[in-house]
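A.B. asks: no sequence on hand, only this structure:
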């Protein structure tokens, strides 16, 4: 990999407090509000390739490189991540939006309470079977899985501007890699 493999970044330092579903975390069907928020996200045109904390090498991508040019579309409940490297090699990863959203809300205890409650670290996790073309095709088996994670910070209520970064973790028998990039709102 000419751009070098990077280690997965830690989202926040220090102590954490996991909040249950009754406090804004857990697994539940997508709400109309959550669908509206996800439609307001704009994906940055650059994606970095990472290994994970285990140090396992990136596998399942033909001649991996980083960074990649990225285009993301969501149509009729299908996410498609289209990438191209500096050499012009391309590939697509596609998966259906799952019926349920897994959300994580943590108080990292790293910022003072401003009177509106603590600034929380938040993740929205979408887990689904994935299919690939181009540089991803050879590495994906029939049990390939993608986990899309939207990362951000905010107060207890969700809003589109809470998500600032995303990661896409792909795993199967022969594939193991993570893409990471930035988000903004329309």
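C.D. replies: Great, that's in hand. Bear in mind that the values here come from a model prediction, so they are computed numbers and not experimental data.
A.B. asks: tell me who's in contact with residue 125.
C.D. replies: 101-104, 147-149 (C-beta atoms under 8 Å, 6 or more residues apart in numbering). Using the backbone N, CA and C atoms, a C-beta is placed for each residue, glycine as well.
A.B. asks: wait, is it part of a strand?
C.D. replies: Yes: with DSSP: H, G, I helix; E, B strand; the rest coil as the criterion, residue 125 is part of a strand.
A.B. asks: okay, it: pLDDT?
C.D. replies: On pLDDT, residue 125 comes in at 92.
A.B. asks: look up phi and psi at the residue lying farthest from the centre of the chain.
C.D. replies: Distance from the C-alpha centroid of the chain, by C-alpha atoms, centre = their mean, peaks at residue 115 (30.4 Å). Dihedral angles phi and psi of residue 115 (degrees, to the nearest 10) take the values phi 100, psi -20.
A.B. asks: so who does it touch?
C.D. replies: For residue 115, the contact set (C-beta under 8 Å, 6+ apart) is empty.
A.B. asks: and it, how far from residue 185?
C.D. replies: Distance of residue 115 to residue 185, computed by C-beta to C-beta, to the nearest Å: 24 Å.
A.B. asks: likewise residue 42?
C.D. replies: Separation of residue 42 from residue 185 (C-beta to C-beta): 6 Å.
A.B. asks: secondary structure of residue 153: a strand, I assume?
C.D. replies: Yes: looking at residue 153 with three-state DSSP, it is inside a strand.
A.B. asks: these two touch, right, it and residue 162?
C.D. replies: Yes: counting by C-beta atoms under 8 Å, residue 162 is a contact partner of residue 153 at 6.4 Å.
A.B. asks: these two: which is more packed in?
C.D. replies: The neighbour comparison of residue 153 against residue 162 (other C-beta atoms under 10 Å) goes to residue 162, with 20 against 17.
A.B. asks: by mean pLDDT, flag the weakest helix or strand of this structure.
C.D. replies: The weakest-scoring helix or strand in the chain, judged by mean pLDDT, DSSP states H and E, is strand 26-29 (a mean of 84).
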